[in-house]
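Novice: Need the 3D shape of this:
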Amino acid sequence: MKIFKVKIIKLINSKLFIGLCLLIIFTPATFSKPLNNSLPYGWSKVKNMSDIETINKKCEYNFFVEHTKQETKYFEKNCPFESLESTSDSDIPENIEKEDSVSDKRVYLYQSGKFSLFLVEKNIKVPYFDTYYESPTIILFLEKDGQIVDQLTVSWHRTGEFGFTDELSYYIDKKFNIFIINHGADEEGYWLYLWAHYKIDFKQNKFKAIKIKTNREQINFPDNLIVYSKPYYNENSGKLCLEEELDTECNEPNTYTYYLNEVKKNTALLVKKSKTSKNFFPLFKKKLDQACITMHKFDNNNDVILPYFKYLYLCEVNGLKQELIRIEKELGKK
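Specialist: Model (predicted):
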């Protein structure tokens with residue numbers, strides 16, 4: 001024991017020990033400090049816009065009719081998009097580092113020894129919009145070891161007929177949460193269609209979707225699809241779409257709701273007539289949702305949003321149809 005103590009005292013008095021202590025003390029300041037950090041960045045109100053239905057009600061405003069002062073005051077106070085131009089740039093630092101490369105101009109939001117985040121403007125033309133008033137599409141890139149490992153469309157501003165707009169806005173906080181909304185304006189006022197929350201998955205080096213909300217559905221990744229019930233739901237409209245692939249005229253959410261209700265009802269009958277577990281349907285739905293939600297990557301590029309939901313419903317309806325056929329066969333045996 002005495003020999004061990006002597007060795008410890010010698011180590012403490014040695015230059016090696018002092019050097020290790022200094023390294024430990026100065027390492028966080030030297031190596032953990034980001035090379036560049038401009039976060040948070042974007043329009044901070046975006047992160048609080050998940051209640052799409054409520055916001056849309058507050059933003060109803062016919063621009064072509066005369067409103068009372070009270071109606072106008074309510075609209076200006078409660079619709080978050082009315083003050084968009086005066087507040088959207090309030091959180092954006094004016095002096096952030098820009099780097100010119102061969103093919104693009106990068107605006108770095110965050111740089112460290114582990115990874116980097118930067119924005120690039122792309123001139124992506126979209127049909128049916130006035131290109132004269134169209135601003136460049138902004139894409140967020142995730143870079144690791146000097147290589148781009150993932151990208152996410154985070155901003156665009158498009159102007160169509162009569163000055164109506166279609167926009168994508170975003171906000172990135174200090175913890176690398178990324179919030180995105182798809183919104184715009186038409187003759188009935190401002191509208192909000194989609195709200196999305198992403199985080200950076202550092203294990204897989206990609207932008208990972210956490211939650212997506214529209215005015216009709218909510219997706220909690222990776223295994224939970226919720227389709228909101230609507231007053232205009234008609235069971236007959238669901239029955240019309242019985243082909244292997246949904247026709248473009250079909251209302252996919254209605255078709256999904258129809259088959260979901262049929263599977264629920266028949267599963268309940270099967271539970272009563274057999275030893276099937278009461279938890280069978282929730283487990284089946286979770287498995288189906290996970291398969292369909294992750295089948296295609298969700299991106300906020302306008303060319304991808306609609307196909308994603310279309311394929312999501314095709315997958316869900318097909319899975320529900322197959323399960324309904326299986327349950328009906330089981331019930332026929334009883």
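
Novice: Identify the spatial nearest neighbour of the residue nearest the centre of the chain, chain neighbours not counted.
Specialist: Geometric centre of the chain, nearest residue: A196, 2.8 Å, by C-alpha atoms, centre = their mean. Closest residue to A196 apart from its sequence neighbours, by C-beta to C-beta, 6 or more residues apart in numbering: I180 at 4.5 Å. For the C-beta atoms, the positions are set from N, CA and C on the backbone; glycine is no exception.

Novice: same question, Y313
Specialist: Distances taken as C-beta to C-beta, 6+ apart place E252 nearest to Y313, at 3.8 Å, with adjacent residues excluded.

Novice: Is that neighbour in contact with Y308, as I believe?
Specialist: No - using C-beta atoms under 8 Å, E252 makes no contact with Y308, being 11.8 Å away.

Novice: the more surrounded of those two?
Specialist: E252 (22 against 19; other C-beta atoms under 10 Å).

Novice: about what we covered before: let's verify the residue nearest to the centre of the chain: helix, strand, or coil?
Specialist: A196 falls in the strand class when you classify it by DSSP: H, G, I helix; E, B strand; the rest coil.

Novice: Just list the residues touching it, thanks.
Specialist: 179-181, 209, 211-213, 298, 300 (C-beta atoms under 8 Å, 6 or more residues apart in numbering).

Novice: can you redo those as a markdown table with neighbour count?
Specialist: Shown next, in a markdown table, are those (neighbours: other C-beta atoms under 10 Å):
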| residue | neighbour count |
| --- | --- |
| F179 | 25 |
| I180 | 26 |
| I181 | 26 |
| A209 | 24 |
| K211 | 15 |
| I212 | 23 |
| K213 | 23 |
| F298 | 19 |
| N300 | 25 |
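
Novice: out of these, who's nearest L312?
Specialist: Relative to L312, the closest of the contacts of A196 is F298; by C-beta to C-beta it sits at 8.9 Å.

Novice: Report the secondary structure state of K203.
Specialist: Assigned state for K203: coil (three-state reduction, three-state DSSP).
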